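In: Just the structure for this:
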Amino acid sequence: MPRASRLLLLLAIPLAWGCAARTPPIDPARAEDPEIRGIARAFEATVQRLREDPDTHWHTGWTGNIAVHMLGANNKGLCHQWRDEVYTGVAPTTRDLGWIATTIVINWGDAGEHNAVVVYDPARWHRAPPLDEAPELGAYVLDAWRRGRADIYTLRGWLSNQRHVTRAAELVDPEQPRAVLSP
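Out: Below is the predicted model:
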């Protein structure tokens with residue numbers, strides 16, 4: 001490994017430690033909303049499919065971001081790449097259950113931008129700005145980027161894990177990734 005690559009890897013280690021989640025993912029089997037169990041199964045199947053893809057090597061977290069940028073080619077793992085695949089994998093299940101799937105971004109356009117998928121029961125959760133004051137009921141974030149696992153958080157739990165917030169979280173239309181849904 002060239003010296004510059006080793007140096008970048010050593011610099012990435014503290015960044016990865018700094019991204020440790022303060023609020024752990026939830027156990028879908030214990031979730032208040034039974035629909036989240038079906039969504040969790042679709043999420044887990046999506047992540048497994050990506051991890052087993054023989055043509056693409058999926059990376060996770062900040063060290064994965066560095067690998068994607070340095071290695072290119074068949075390497076993926078940027079948070080927006082995980083978001084897009086997760087959204088595609090869970091959207092049919094959420095629709096079948098009467099839930100809505102969309103995407104969320106925090107620190108939009110900044111170096112610490114992070115993207116994930118939000119699923120929610122429209123009968124129990126109504127978006128109201130600011131998003132970080134949203135109630136716990138019926139809104140969950142699906143975020144595979146950090147660990148390459150089907151991690152599910154309550155919306156509030158996911159938001160509490162975000163450090164160095166420079167721009168508040170916003171819901172974004174998954175079909176037009178730069179079209180903001182929340183005011």
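
In: alpha carbons only for contacts and neighbour counts from here, please
Out: Will do.

In: Assumed Trp125 was part of a helix.
Out: No. Using DSSP: H, G, I helix; E, B strand; the rest coil, the secondary structure at Trp125 is coil, not a helix.

In: what about the residue lying closest to it once chain neighbours are set aside, how many neighbours?
Out: Computed as C-alpha to C-alpha, 6 or more residues apart in numbering, the closest residue to Trp125 that is not its neighbour in sequence is Gly138, at 5.6 Å. Number of residues near Gly138 (other C-alpha atoms under 10 Å) recorded here: 21.

In: shouldn't Gly138 be in contact with Ala101?
Out: No. Using C-alpha atoms under 8 Å, Gly138 makes no contact with Ala101, being 11.8 Å away.

In: Could you grab the helix/strand/coil label for Tyr140?
Out: Tyr140 ends up strand, using three-state DSSP.

In: where's it relative to Asp110, distance?
Out: To Asp110, Tyr140 is 24 Å away according to C-alpha to C-alpha, to the nearest Å.

In: Show the contacting residues for the residue lying closest to Arg124 once chain neighbours are set aside.
Out: For Arg124, ignoring the flanking residues on the chain, the nearest one in space by C-alpha to C-alpha, 6+ apart is Gly138 at 5.7 Å. By C-alpha atoms under 8 Å, 6 or more residues apart in numbering, Gly138 lies in contact with 33, 120-122, 124-125.

In: Any of those buried? List them.
Out: Among those, those buried by neighbour count (16 or more other C-alpha atoms under 10 Å) are 120-121.

In: Val47: which of the contacts of Gly138 is nearest?
Out: Nearest to Val47 among the contacts of Gly138 is Tyr120, at 19.8 Å by C-alpha to C-alpha.

In: if I pick that closest one, what's in contact with it?
Out: Tyr120 neighbours (C-alpha under 8 Å, 6+ apart): 99-101, 138-140.

In: what does Val90 give?
Out: Counting by C-alpha under 8 Å, 6+ apart, Val90 has contacts 39, 42-43, 46, 101.

In: Serialize the residues you listed to JSON lines and add fields for pLDDT, distance to Asp27 and neighbour count.
Out: Converted to JSON lines, the contacts of Val90 look like this (pLDDT from 0 to 100; distance: C-alpha to C-alpha, whole Å; neighbours: other C-alpha atoms under 10 Å):
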{"residue": "Ile39", "pLDDT": "98", "distance to Asp27": "12", "neighbour count": "26"}
{"residue": "Ala42", "pLDDT": "98", "distance to Asp27": "15", "neighbour count": "20"}
{"residue": "Phe43", "pLDDT": "98", "distance to Asp27": "13", "neighbour count": "28"}
{"residue": "Thr46", "pLDDT": "98", "distance to Asp27": "18", "neighbour count": "22"}
{"residue": "Ala101", "pLDDT": "95", "distance to Asp27": "19", "neighbour count": "25"}
